[in-house]
Structure formats: C-alpha cells, structure tokens
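Undergrad: got a structure for you, letters missing:
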C-alpha cells in the first residue's frame, strides 16, 4: 500500500514538474518577446515639437515649420522646403530600388556619407548622412519617400518633425531620385545654375545652353551677372505674365516684336560652377515661324528648377540709376606697357596686377587712385570729371593728375621712377563703350612723352572687386583686345591678371581689402 501511494506521488510530482517547466518555458518566451518589444519601442525616435502649420503641397501633406517655405518641385511628387538661409529638405516619391541604388552611388562618391537608420512615428528610414547633408528613404503609407537635405543634420528637430508628419497621396507617381522628374528630358543650364525640361521638338546644339527646333525657332538659356543689368532689363518691361517655376520662384514672361523673354530675379545671388547670378534669363526667337512657340516656351519656364543649395548670403541690391554707387567702390585688374620707344622700348609687354578706387567727391568730380602689386604708393592719382550721357553710370574724363611710371632695365627689374603729368582729356573711362560683351569691364589707355621726346603707352583693364573673371571664356576671339589676339607691339597670353588664381580668387567675395592689399 505504501509503495502504491509513493508511486502515485512520484507520478504526480513528475506531472507537476513537466507542467511547471512548460509554464517556465512559456514565461521565458513571453519575457523575451516583451523585452524585444520594449527594445523596439526604445529605438523609436522621439518626435520633437516644432512650430509650424500642416499643409498639403502637391502629393504631400506635411508640417511646414515656421519661417520655412514649401513648394512643388518638378511635379506634384516632389516638395522642397527652404529656409531664409537657403537650407533645404527635398521630399520625393520614388521607387525603392532606385532609392537604394542612388544612395549607394552617393556613398561611393563621398566616403563621408555614413549608414543611418531610425524610426520616427512608426516609419522606418534607411540611408546615409554627414554632418551637413542626408539621404534617407522610408515607406509612408504605400509609397516610398526619399528625403534629402543640405544644411540640416539628420537628427535636427526640423527634419525629424517633418518626416514624422508625412502623408502621401496614394495616386502619387514616382520620380527619379535627386530632383529630376521622370517626365521629359531634364537638362542643366548655365553650369548647373538651374535645370529645365527640354521641349520635345527642340534639339541641343554644340553651343552651350542653346536649343533649336526644326521649325527654326531658337531658345537661349542664360542669366544676369549683376544687379544693374537685371534691373535695367526689367525696367523696360511694361506688361508681363507672372509664371511660377518648379521650385516656387516667381518669374516674369514678356513678349515683344523680337521674341519671348523670361526673367526670374533673385533676392540673393546664386553660384554654380563659374557662374554667379542675380537672376535667370531665357529668350526664345522665331515666333513668326512657329505660332506654338509661346505655349512651348511657357511650359519650359514652368519647369525651371533653381537649386536652393546654390543660394548665397549676398543680397542682390538694385543700384541702377545711381552713378555714384557704380563708381564708388574697389576695383581689381592689370595694366600693361603697350608701346614705347627710346629708353622705354625695353618696358614693352611688362604687366602688373593692380587695385584701384574711384571716390566721388562732394564737388561731383571723381578721384581715381591706383596701386600696383608690391608697391605701397600711388601709381596713378587722377581727378576725373563725370559726364551724364543718359546712361546709369555716365563716363569719366581726366582733368589733372600724375602717373608714377616704373621704368625697368629690360629684365623687369626697376630702374627708376618717372613722373608723368595727366591733363584734360588725356584718357577716359566709358563703361558703355568698353568691352560691351562683358559686364563691368573698364579700360584706359594713355600715352606719355618725356623731356627727351621718348614716348610710352600704358593700357589698363579693371573690373569691380568681387567679379568672377571666368566669363572671359565666353568671348569670341574677335572680341578680345589686340593685346591678347597678337596684334599691336605688345603681347599678353590671356585677359586675366597675373595673380588672379594665386591671390585674388580665394578672397574675391570678401570685402574689398583696400588698394594697398597686394603690397602688405
């Protein structure tokens, strides 16, 4: 009897142990699951509080942070948000495979782009980022959204709040990654200053930024270099149609007897490659041959996308009509001994970089001073008379002054200084006459005769401080001065000052350093 009871107890104990073990195993599984869910919950990025308004822009409904603007890109499947400093966030509905491939290519080009992944508001994003840019994609509803930015860190409050707020229209069509619409052929204009969709009936030509149709109509894509040329052109437009470009900029469309013009003025300068621009300028010709050109041209203008990443902090200020502001600033350039005889024959072709200033005085006259490199005194000090010829800047004519000429020994070594007097009408500055194919290009030419009847001729070339001289590459050979194209007694290899690359280019957008800067 005792043995039977003991056996039953052992059996019961065994059953209880098995039940407890199963329960324990079940509990362990549940604990691991709870732990995993807890870890996932902890990995969820907290959504920061950012002031702004919810808006629907194109196919997106999203938070637009305060002091930021949101506009459609090249299609409703693209939205770009920009702030006043030019920082931007671009949102695009894309194909997932294309997004992965796009980010991989970017990482191959830039090793600083490191892998990133995070979850915000239940949306998981994957991609790459540096301290100043990011490219991540995630599934929002049933659509893959690529978010890219320059100027924002990935974990900044603004991009996180925007990404957490996203909703996407279920009918949104994917576009190509990086800002190019999948519709039409997207081309760059003016070294990437802006892009546009090429009309179907137009073909690219060998000439940069020039399109031609089989009907004989032509489209030129260009830009305004400075504020004065931009506003001068706009002043002549009496009637226009306002057109919004793909990036949300306001442009002005105007037709006259010559063709169709489109202008987008900038509040701040934009830079891309060698281009520094105060506005977009596009011109179409051939309306009499192609009545449909007007519609085609308007569609092209609407497709223009001006990359906000190219925006600078420099405001575009209109000084048109203010001749004092035109002259009263610092200038940089070079001068050359163009010709000479007697003791000055060995000086021919020697050239020097120089800095100069025009100072408008209370009398209305203008004092012009020039200092060459490695010299700490005036080479030229001249009083000029201003004449108004119904242009914004007028022209200047010499009245009195001196030229402190560096006579050399034929090897470039200074032999002596010769002081020449400058009198009435000896030379002039005329912006309308000089190198009209380039903006703000001044030249001067003076011939001197000394007491021994030996003569020497000096020619100078000046542009405002801050000018990018690389637009010289746009000139035809016939437009170059005779110094450069091999005519005349002196020779010079190009139109750039000698120290342009080594000294000037790195600081040309800084404030004018004063006319003695190269001698310090």
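TA: Thanks, I have it. Please read these numbers as outputs of a predicted model, since none were measured by experiment. Numbers count the residues shown, from 1 in each chain.
Undergrad: what's opposite residue 446 in the beta bridge?
TA: Beta-bridge pairing of residue 446 under DSSP bridges involves residue 458.
Undergrad: what about it, how many neighbours?
TA: 21 (other CB atoms under 10 Å). C-betas here are computed from N, CA, C, even on glycine.
Undergrad: pull the contacting residues for residue 378.
TA: 369, 370, 371, 402, 404 (CB atoms under 8 Å, 6 or more residues apart in numbering).
Undergrad: what is the host helix or strand of the last one packed up against?
TA: When secondary structure is defined by DSSP states H and E, residue 404 falls within strand 395-408. Helices and strands touching strand 395-408, as assessed by 3 or more CB pairs under 8 Å, 6 or more residues apart in numbering; DSSP states H and E, comprise strand 366-372, strand 380-387, strand 414-422, strand 428-429, strand 442-449, strand 455-464.
Undergrad: could you redo the last one with a cut-off of 7 Å?
TA: The contact analysis (3 or more CB pairs under 7 Å, 6 or more residues apart in numbering; DSSP states H and E) places strand 395-408 against strand 380-387, strand 414-422, strand 428-429.
Undergrad: before we move on, back to that, which of the contacts of residue 378 count as buried?
TA: By neighbour count, with 16 or more other CB atoms under 10 Å, the contacts of residue 378 hold 369, 370, 371, 404 as buried.
Undergrad: just the closest of the residues you listed to residue 274, please.
TA: residue 370 (26.8 Å; CB to CB).
Undergrad: the closest one and residue 379 touch, don't they?
TA: Yes - under the criterion of CB atoms under 7 Å, residue 370 makes contact with residue 379 at 5.2 Å.
Undergrad: shared neighbours of those two, anything?
TA: residue 354 (CB atoms under 7 Å, 6 or more residues apart in numbering).
Undergrad: all helices for the chain, in order.
TA: 2-43, 96-109, 157-164, 227-235, 293-303, 323-327 (DSSP state H).
Undergrad: if we can go back for a sec, which of the buried ones among the contacts of residue 378 sits closest to residue 218?
TA: For the buried ones among the contacts of residue 378, the nearest to residue 218 is residue 370 (42.7 Å; CB to CB).
Undergrad: what residues does stretch 276-286 touch?
TA: 193-194, 216-227, 230, 259-266, 269-270, 293, 297, 301, 304, 306, 316, 468.
Undergrad: ok, stretch 261-271 next?
TA: So stretch 261-271 is contacted by 193, 230, 233-234, 245, 249, 251-254, 276-283, 301, 306, 310-316 (CB under 7 Å, 6+ apart).
Undergrad: let's see which of these end up in strands.
TA: Counting by DSSP state E, those place 251-254, 276-283, 306, 311-315 in strands.
Undergrad: mind checking which of those residues are buried?
TA: Applying 16+ other CB under 10 Å to the ones in strands among the contacts of stretch 261-271 flags 251-254, 276-283, 306, 311 as buried.
Undergrad: return the closest of those residues with respect to residue 348.
TA: Closest to residue 348, out of all of those and judged by CB to CB, is residue 276, at 35.0 Å.
Undergrad: gap between the closest one and residue 151?
TA: 20 Å (CB to CB, to the nearest Å).
Undergrad: likewise for residue 127?
TA: 17 Å.
Undergrad: between those two, which has more neighbouring residues?
TA: Taking neighbours as other CB under 10 Å, residue 127 and residue 151 compare with residue 127 leading, 25 against 18.
Undergrad: ok, what's across the strand from the more buried one?
TA: Going by DSSP bridges, residue 127 forms beta bridges with residue 116, residue 136.
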